[in-house]
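J.: Need a 3D model of the following:
(one chain, ligands or ions: 2)
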Amino acid sequence: MASFDFAPDIINGWDKLPAFPSDIETIEFDTISLKALQAREGATIRKIIDSCKTVGFFRIDLSDTKDGMQMLAAANEMFKLSQETFSLPDEILLADDVFGNGESLLGYKGLGKSVVDKTGRRDNNQQYYIGCGDLDGFGRSQAKYNNILHAAFPEMRNFSSLGRFITNEVLDILSTDLNLEATDPQYLPKLHSHSNNSGTHVRLLKCPASAGENANLQAHTDWGSLTVLFNAIGGLQLYIPDNLIPGQNAGWKWVKPVPRTCLVNLGDAMVKWSAGNYKSNIHRVSTPPGEQHPYARYSLAYFVRPDNDVQLRPLGKHQELFPTYKEWALRRAMAGNADTFKNGDWERGQGTESAVSTAARG
Ligand SMILES: O=C(O)CCC(=O)C(=O)O
Ligand SMILES: [Fe+2]
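T.: Ligands and ions are numbered 1, 2, ... in the order given. Reported below is the predicted structural model:
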């Protein structure tokens, strides 16, 4: 099989890539302008929150601000770095093996070194995880990185700080949506440091061109809070459950890469903090579709993870679903005050008994 292996240029290089097929079923996401997001335009904020509560993915158009264009340029540098790094001999790469780096979960994962399904089938990807704690120099994890990556720490630091700038904007909006502003306007951003007490990292990924039709990366939800993702060749697919999107059947849908944008998706921590109101959707990477099939697929992510000691419990407006004992008891007691009795207080005053015994109490 003829195959092609080059780092994409996601600013000017789209015409060098074969077209994404037009006859496969895709899922479209809302596109948010970075400029409108930074200006906190009402309609934009509503689109972000709606996306978080439904599909758990949205797109940001980075072409309309200087920061956004800097992010695209920084991502291009990362793609070049990926190609250079993944071309190193195996013995250099495997010296940084993630499975030998303790609990840091940082370093290199070799081709075929993880499974993609319960039969134990091997993946078709190489990955490097570079910790933002290591990049920002506040501490050093046990992870090892090859010399090419070490030399590129300034560029990676630049990419991750632009990623942090964008995700903090989103975390700020979600703090307000969760009613956390009164406690601290920067509530969610402050749960995420660039230190070795956090798994936040830059991730380089390559799926080499492969003859088969296989799952390159297993179906998963992201583990952390937010992911900023760049890709140029197709392969990413999302599982859309029944009734999520009117008129769309359940099943795996392709995601078409869109020039000058990044994807942002929610991870499991957001689901926990919002008591299930925000969604982290299941996705996977298949071999590229149609004419893109013989191409090596590079993708790039900035993964935002909460600090290690942050609790995964409902926050802000969702916290009352999980009250302390005192809050629970007071709510019950106060609901029975005849002088302030109002609609809904009767129900608020009930205990945990079943509907049958509630009926018995009239
Ligand atoms: O490569 C992609 O487009 C997606 C990768 C992904 O989902 C992940 O690494 O968590
Ligand atoms: Fe993912």
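
J.: what's the neighbour count on the residue lying closest to residue 351 once chain neighbours are set aside?
T.: Closest residue to residue 351 apart from its sequence neighbours, by Cβ to Cβ, 6 or more residues apart in numbering: residue 332 at 7.0 Å. For the C-beta atoms, the positions are set from N, CA and C on the backbone; glycine is no exception. Residue 332 has 13 neighbours, counted by other Cβ atoms under 10 Å.

J.: I'd like the distance from residue 332 to residue 326, if you could.
T.: According to Cβ to Cβ, to the nearest Å, residue 332 stands 11 Å off from residue 326.

J.: which of the residues in the strand or helix carrying the residue nearest to residue 351 are buried?
T.: Using DSSP states H and E, residue 332 maps to helix 325-335. Going by neighbour count (16 or more other Cβ atoms under 10 Å), the buried part of helix 325-335 is residue 335.

J.: pLDDT on it, on average?
T.: Confidence for helix 325-335, expressed as mean pLDDT, is 90.

J.: Which elements pack onto that helix?
T.: Applying 3 or more Cβ pairs under 8 Å, 6 or more residues apart in numbering; DSSP states H and E, one finds that helix 325-335 contacts helix 345-348.

J.: List of residues touching the helix it packs on?
T.: 331-332, 335-336 (Cβ atoms under 8 Å, 6 or more residues apart in numbering).

J.: Distance check, the residue nearest to residue 273 when sequence neighbours are not counted against residue 265.
T.: Leaving aside its chain neighbours, residue 273 sits nearest to residue 315 (4.6 Å; criterion: Cβ to Cβ, 6+ apart). Residue 315 sits 19 Å away from residue 265, taking Cβ to Cβ as the criterion.

J.: How about residue 11?
T.: Using Cβ to Cβ, residue 11 is found at 22 Å from residue 265.

J.: quick one, which of these two is more surrounded?
T.: residue 265 (24 against 15).

J.: Ramachandran angles for that one?
T.: phi -130, psi 160 (degrees, to the nearest 10).

J.: what about the residue lying closest to it once chain neighbours are set aside, neighbour count?
T.: Closest residue to residue 265 apart from its sequence neighbours, by Cβ to Cβ, 6+ apart: residue 57 at 4.4 Å. Applying other Cβ under 10 Å, we find 23 residues neighbouring residue 57.

J.: my guess is residue 57 contacts residue 238, does it?
T.: Yes - counting by Cβ atoms under 8 Å, a contact exists between residue 57 and residue 238, whose distance comes to 6.9 Å.

J.: can you list residues touching both of the two?
T.: Joint contacts of residue 57 and residue 238 (Cβ under 8 Å, 6+ apart) are 255, 281.

J.: Return the residues in contact with residue 164.
T.: 132, 194, 302, 304.

J.: where's the last one relative to ligand 1, distance?
T.: Computed as Cβ to the nearest ligand atom, to the nearest Å, the residue 304 to ligand 1 distance reads 12 Å.

J.: so that residue touches residue 225, yeah?
T.: Yes - using Cβ under 8 Å, residue 304 is in contact with residue 225, at 4.8 Å.

J.: more crowded one of these two?
T.: A count of neighbours by other Cβ under 10 Å puts residue 304 above the other of residue 304 and residue 225, at 33 against 27.

J.: what are the bridge partners for that one, then?
T.: Here residue 304 sits in beta bridges with residue 226, as judged by DSSP bridges.

J.: Would you mind naming what in this structure lies close to ligand 1?
T.: Within reach of ligand 1 by Cβ under 6 Å from any ligand atom, the chain has these residues: 205, 217, 222, 229, 231, 236, 283, 285, 299, 301.

J.: Can I get these in a markdown table including secondary structure, neighbour count and distance to residue 44?
T.: Formatted as a markdown table, those follow (DSSP: H, G, I helix; E, B strand; the rest coil; neighbours: other Cβ atoms under 10 Å; distance: Cβ to Cβ, whole Å):
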| residue | secondary structure | neighbour count | distance to residue 44 |
| --- | --- | --- | --- |
| 205 | strand | 22 | 29 |
| 217 | strand | 21 | 30 |
| 222 | coil | 23 | 23 |
| 229 | strand | 23 | 20 |
| 231 | strand | 23 | 23 |
| 236 | strand | 24 | 24 |
| 283 | strand | 24 | 24 |
| 285 | strand | 26 | 29 |
| 299 | strand | 26 | 26 |
| 301 | strand | 23 | 23 |
